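A.B. asks: Output the structure for:
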Amino acid sequence: MDTTVLPSFDSGSDHRLLRAKVRLNHRTFKRDTHRGPPIRSPEYNEAKLQKAMDAYHWKRAENPTEDYEELVKGLTFCARASMENHKPTGERLNAKAKQLLRRRGEIKRDPTATHLEKITINKACRIAMKESLREHRRNKLLTAATQKRSLKRCRRELADYTTMTTCLKDKDGLPKTARTDIERIVTDFYTNLYRSTTVVSRCSSPTEERPLPILTSEVRNAIHSLKKGTAPGPDGITADLLRVGGYTMNKLLADHFNCYLEAGTIPNQWKCSKTVLVLKKGDNEDIGNYRPIALLSIPYKLFTKIMLNRLEATLDAYQPVEQAGFRKGFCCMDHIHTVVQLIERCREYTMPLVLTFIDYKKAFDSVETNAVLDALLQAGVDSAYVNILEQCNVGTVTTIQLFDKKLRIPIEKGVRQGDTISPKLFTSALQYAMSRLNWDEKGLPIDGKMLSNLRFADGIVLISKNTKEMNQLINELNEVGKSIGMEINMKKTQTMANQWSDNGTIQLDGIPLQKVDSFVYLGREINMKNDLTTEIARRRKAAWAAMDTI
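C.D. replies: Residues are numbered from 1 along each chain as shown. Reported below is the predicted structural model:
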């Protein structure tokens, strides 16, 4: 870009005009914004797949990594043999637009065509294509809404181009546009995020018992629980392929899973994942505003789903009634109703009430692996399952591809994102830390017991009758959280008190927390007056905002 100042032009002030000449590389711009054909999940013929699996010579190996490699080769071969042709998609251009495009081609090839004819046909083509694409988009969204499918996914499929990361700010807040600098910023950020910073000693494990073999019925139930259209992991094995395989597929996977379970180790391929960065909200140049979406191997997720089905009752029994996240029979409405009732009863009897809403920084990515394993042992999980889950969470890596190069990020802590058992592992580690707190005499009396906190996964509400006790609660919680690698987010942790409470300041590590009059808790705006006016207005605004994005 060339810039020059025009000093001879009189603007009537001490300002000067600036002239710039921008040279855009159209080929580079087209490459960066090009959107390829949409990736459609292949469909498989069940009869052809069964025939291919029966005819294929399946090889086995003692080493789990080599054994899984042979399994992937066989499944890939059978998938290609049974893949059905894609159904043709609907035309985006109507007959009028196609006719005008053919006419434009004829005029361009006609040497006697005038300049006016070319301009006229070009304008007519642009208008016809615009109207046709708008009508196609409207029909697609209307069909998705009628069939009660995801409008967000439909809108994403209708996108004509893709965006690429063109600028990120480094740790000093300086914007960087070079691809090498952007890749370095991403690598440094996630390497530091996943680096272990807290030493947690492992508890001694009791004598390991041999786990029961995995049944074909367990594999079948786990496959049916997989969501349709789930993106495959690095190995390319899709959930739809496993779902169509029937008994032969269930028996094959059960045999391989039993080998890994007996050996007490998993294939190295299961330790790798692909990560896609999705902007949440806020500044798109801030790497902290991106949510990493990890794509794990589908057979691995199937294996851990079986582990979850076996351990779910044990892990749920380990949780207190205060924890409602990721538990059968519990939902966020339970805690919303509890908080609303607390506020209402304190208003009715003019009782003081202080609430503090805790937010953790990257909670699922920060908890130390040893804390998770110790929590499983304390919950009563058999050592064999603890050891196999240790294999699933230790020594893992992920790759992030922004441009052409794959960035390899080692993961030293946290639970694996996208894994079905990860929420249970996290809540177990949180309970392991909070079980050290002596809060039996703190909080508010409810039916003969003291209620000091409510938890929904990592979202915690501390409950107290005065600010002095609240200071003790939050600082004690902060200490036990740090012992397992978790850190409270000071910017998003807020406190709220009713008119009958004292005016004391609530501090965390000597820093006062922000006081608010209302707080959006689990999707519902809470205030000490239980006034729903602002909540209704907020939801109406959110609904219109959602409609505007369609």
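
A.B. asks: what number of residues lie near V219?
C.D. replies: V219 sits with 26 neighbouring residues when counted by other C-beta atoms under 10 Å. Every residue, glycine included, has its C-beta placed from N, CA and C.

A.B. asks: Now do the contacts for it.
C.D. replies: For V219, the contact set (C-beta atoms under 8 Å, 6 or more residues apart in numbering) comprises 250, 253-254, 257, 302, 306.

A.B. asks: measure R220 to K251 for me?
C.D. replies: Using C-beta to C-beta, to the nearest Å, one gets 10 Å for the distance from R220 to K251.

A.B. asks: and if you look at D419?
C.D. replies: Between D419 and K251 the computed distance is 24 Å (C-beta to C-beta).

A.B. asks: higher neighbour count, those two?
C.D. replies: Here D419 and K251 are compared on neighbour count by other C-beta under 10 Å; more neighbours surround D419, at 21 against 15.

A.B. asks: Do you have the strands of the stretch 351-500 of the chain handy? List them.
C.D. replies: Counting by DSSP state E, counting those that start in this stretch, the stretch 351-500 of the chain has strands at residues 354-358, 396-401, 406-411, 444-446, 449-451, 453-456, 459-464, 494-497.

A.B. asks: angle of the second one against strand 406-411?
C.D. replies: The one in question is strand 396-401. With axes from the mean of the first three to the mean of the last three C-alpha atoms, to 10 degrees applied, the angle from strand 396-401 to strand 406-411 works out at 150 degrees.

A.B. asks: just the helices in the stretch 101-250 of the chain please.
C.D. replies: For the stretch 101-250 of the chain, the helices defined by DSSP state H, counting those that start in this stretch occupy 115-146, 151-157, 179-193, 216-224, 239-244, 246-263.

A.B. asks: export the strands of the stretch 351-500 of the chain to CSV and tack on mean neighbour count and mean pLDDT?
C.D. replies: Rendered in CSV, the data for the strands of the stretch 351-500 of the chain read as follows (neighbours: other C-beta atoms under 10 Å; pLDDT from 0 to 100):
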stretch, mean neighbour count, mean pLDDT
strand 354-358, 24, 96
strand 396-401, 18, 94
strand 406-411, 16, 94
strand 444-446, 14, 92
strand 449-451, 14, 92
strand 453-456, 22, 96
strand 459-464, 24, 95
strand 494-497, 22, 95
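
A.B. asks: C272 is nearest to which of those strands?
C.D. replies: Shortest separation from C272 across the strands of the stretch 351-500 of the chain is recorded for strand 396-401, at 5.7 Å, computed as C-beta to C-beta.

A.B. asks: so can I have TSV of the contacts of V219 showing neighbour count and distance to G105?
C.D. replies: As requested, these are exported to TSV (neighbours: other C-beta atoms under 10 Å; distance: C-beta to C-beta, whole Å):
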residue	neighbour count	distance to G105
N250	20	55
L253	25	54
A254	19	59
F257	21	58
L302	21	52
I306	21	59
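
A.B. asks: wait, which of those is closest to E131?
C.D. replies: L302 (47.0 Å).

A.B. asks: For that closest one, give me its contacts.
C.D. replies: With contacts defined as C-beta under 8 Å, 6+ apart, the neighbours of L302 are 219, 222-223, 226, 242, 253.

A.B. asks: Greatest separation within those residues: which pair is it?
C.D. replies: Within the contacts of L302, L226 and L253 form the most distant pair, 12.2 Å apart (C-beta to C-beta).

A.B. asks: Quick check: E218 vs D419, distance?
C.D. replies: In this structure, E218 lies at 17 Å from D419, with C-beta to C-beta as the measure.

A.B. asks: Sorry, slip of the keys, the one I care about is L142.
C.D. replies: To D419, L142 is 37 Å away according to C-beta to C-beta.

A.B. asks: How about G236?
C.D. replies: Noted for G236: a distance of 19 Å to D419, by C-beta to C-beta.

A.B. asks: next one: D67
C.D. replies: For D67, the distance to D419 (C-beta to C-beta) stands at 21 Å.

A.B. asks: now do R524
C.D. replies: Between R524 and D419 the distance, using C-beta to C-beta, works out to 29 Å.

A.B. asks: ok, back up a step: tell me which of the strands of the stretch 351-500 of the chain lies nearest to T146.
C.D. replies: Nearest to T146, of all those, is strand 453-456, at 33.9 Å by C-beta to C-beta.

A.B. asks: Name the residue most distant from the centre of this protein?
C.D. replies: Each residue of the chain has a distance to the centre, and by C-alpha atoms, centre = their mean the biggest one is for T112: 59.1 Å.

A.B. asks: Work out the gap between stretch 64-76 and the centre of the chain.
C.D. replies: In this view, stretch 64-76 has its centroid 28 Å away from the chain centroid, taken as C-alpha atoms, centre = their mean, to the nearest Å.

A.B. asks: hang on, I meant stretch 368-376
C.D. replies: 22 Å.

A.B. asks: what's the nearest residue to R345 if we skip its chain neighbours?
C.D. replies: With C-beta to C-beta, 6 or more residues apart in numbering as the measure, M351 is the residue that lies nearest to R345, at 7.4 Å, once sequence neighbours are left out.

A.B. asks: And that neighbour, how close does it get to S501?
C.D. replies: With distances defined as C-beta to C-beta, the gap from M351 to S501 amounts to 9 Å.

A.B. asks: Mind checking which of the two has more residues around it?
C.D. replies: Counted by other C-beta under 10 Å, M351 and S501 do not tie: S501 has more neighbours, with 20 against 14.

A.B. asks: Would you agree the more buried one is in contact with V354?
C.D. replies: Yes - at 5.2 Å, S501 and V354 qualify as touching, with contact defined as C-beta atoms under 8 Å.

A.B. asks: what residues are shared contacts of the two?
C.D. replies: Overlap of the contact sets of S501 and V354 (by C-beta under 8 Å, 6+ apart) consists of 465-467.

A.B. asks: So which residue is smack in the middle of the chain?
C.D. replies: Averaging the C-alpha coordinates of the chain gives a centre point, and the residue nearest to it by C-alpha atoms, centre = their mean is I293 (4.7 Å).

A.B. asks: That one contacts Q417, correct?
C.D. replies: Yes - under the criterion of C-beta under 8 Å, I293 is in contact with Q417, at a separation of 7.3 Å.

A.B. asks: Residue ranges in the stretch 151-300 of the chain under the pLDDT threshold?
C.D. replies: Low-confidence segments of the stretch 151-300 of the chain, defined by pLDDT under 70, are located at 160-162.

A.B. asks: Count the neighbours of P292 for me.
C.D. replies: Residues contacting P292 under the criterion other C-beta under 10 Å number 20.

A.B. asks: Bridge partners for the residue nearest to it when sequence neighbours are not counted, pull those for me.
C.D. replies: Counting by C-beta to C-beta, 6+ apart, the nearest residue to P292 once its immediate chain neighbours are dropped is T275, at 4.8 Å. On the basis of DSSP bridges, T275 takes part in beta bridges with A294, I400.

A.B. asks: T275 touches V397, doesn't it?
C.D. replies: No - T275 is beyond contact range of V397, at 10.1 Å (criterion: C-beta under 8 Å).
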